[in-house]
Structure formats: C-alpha cells, structure tokens
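Q: sequence and predicted structure, then a few things I'm wondering about:
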Amino acid sequence: MPAGAGLGGGSSNAGIVLRFLRERGAKPESVRIAAIRAGADVPFFLENHAALATGVGEHLTAIEFPHGHGVLCLPDVFISTPEAYRGLKRPLQGGPISDSRTSFEGWQEWARSLWTSADFMRNDFEEVAFRAHPELASVKQAFQELGALASLTGSGSALYGILPGPADNLLQKMIERFPHYRFEPFHF
C-alpha cells in the first residue's frame, strides 16, 4: 500500500510481526505491551477480527460486522499523519459524545444497521485532507452519487466506497470518472 494513504500499512506490519512472535511462544502480555507502545492502532492489527477500539487503541471489543463489497481509491497523494493531526486545529475528543456513541451496544447496533444508517460513519481527517486536496472530496462525492457509503481512510489520502452487494459497477464507473487514480475492489 502507498505511504501516507491512511491504510495502516506500518501498523499492520507491526501487528503481524507481533502476532507471529506470540504464536511462536512470546508471552502474550509482553506482546500486548509492545503493540501498545508501537502505536495506537497496532493492537487492532495484532488481532484478526472487527473490533471497537477504545482508550488509545489498547482496549478491543469484538463486534459483528455485516458483509459487503467495496472499492478502494488509491490516489497519488501523500498525507503525513503528524501534519493531518496538526491540521485539525482542535482536539479529537474535545466535546461531549452522544450516549449512543459511547456504549458498546450503540456501536454494535450501528455495525448491524450499517446499510440503513451511516450516522456514525465520519472521519474528522476529511476536513484536513479535503482542504489540502479538493480532488479527494470529488472522489468521495462520486462514490456517494453512485450509492456507496464513502469515507477517507484513517489520516491518509485513500478513500473507499462500500455497498451491501457486488461493487463491479461501482468500480467501473469510478475508473471511468477518475482514470488517473488507481482503484481496487475488496470485500469484507
């Protein structure tokens, strides 16, 4: 995956190496501590399931997630994670969060109703990325116009559009509309 895309490439590599070490006899608690120290999203990649991460990523609760299909847009744009955080110009957790977003039950309900309600699908980094690279906002808008739920990935430049069913048509339309970007299909 391209650097600066917000896809967790470095974190997933670290998580996989730590998982390998755990499977080869490293003490699970030592591996967990190493994952936390390596980065906030490394513990997520240490496991192999959809999860709600809380704290600074160290508390993981497995969640059931519906199956779907999607298209990943990999534009030739690098976004530095530290610069993305600086660009927010506000704390990520500064204000109160609604009760439905603070409980595990609220997140699990959201995951189950993904295709009928995208209320929680928000990425604060879009504000920064779209200000610096307006063309990324156009990609998100195109995904949405084609019926997909869409968002920026992490703090980086990649975007995705997801559907409950096959995404072949979505992939073809996005390639036609943005021939200068790379698109990859996926399923979950």
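A: Structure's in. What do you need?
Q: hey, let's count contacts and neighbours off CA atoms from now on
A: Will do.
Q: from the rest of the structure, what touches stretch 65-77?
A: Stretch 65-77 is contacted by residues 2, 4-5, 50, 111-112, 114, 157-167, 170-171, 181-188 when judged by CA atoms under 8 Å, 6 or more residues apart in numbering.
Q: buried ones among those residues?
A: Among the contacts of stretch 65-77, those classed as buried by 16 or more other CA atoms under 10 Å are 4-5, 50, 111, 114, 157-164, 167, 170-171, 183, 185.
Q: ok, back up a step: now, which of the contacts of stretch 65-77 lie within strands?
A: Using DSSP state E, the members of the contacts of stretch 65-77 that fall in strands are 159-163, 182-187.
Q: what's downstream of the lengthiest helix in the chain, the next helix or strand?
A: Identified as the longest helix of the chain according to DSSP state H is helix 9-23. Counting by DSSP states H and E, the next helix or strand C-terminal to helix 9-23 is helix 28-38.
Q: got the angle for that following helix vs helix 9-23?
A: 170 degrees (axes from the mean of the first three to the mean of the last three CA atoms, to 10 degrees).
Q: and residue 144, what does it touch?
A: The neighbours of residue 144, taking CA under 8 Å, 6+ apart as the test, are 150, 161.
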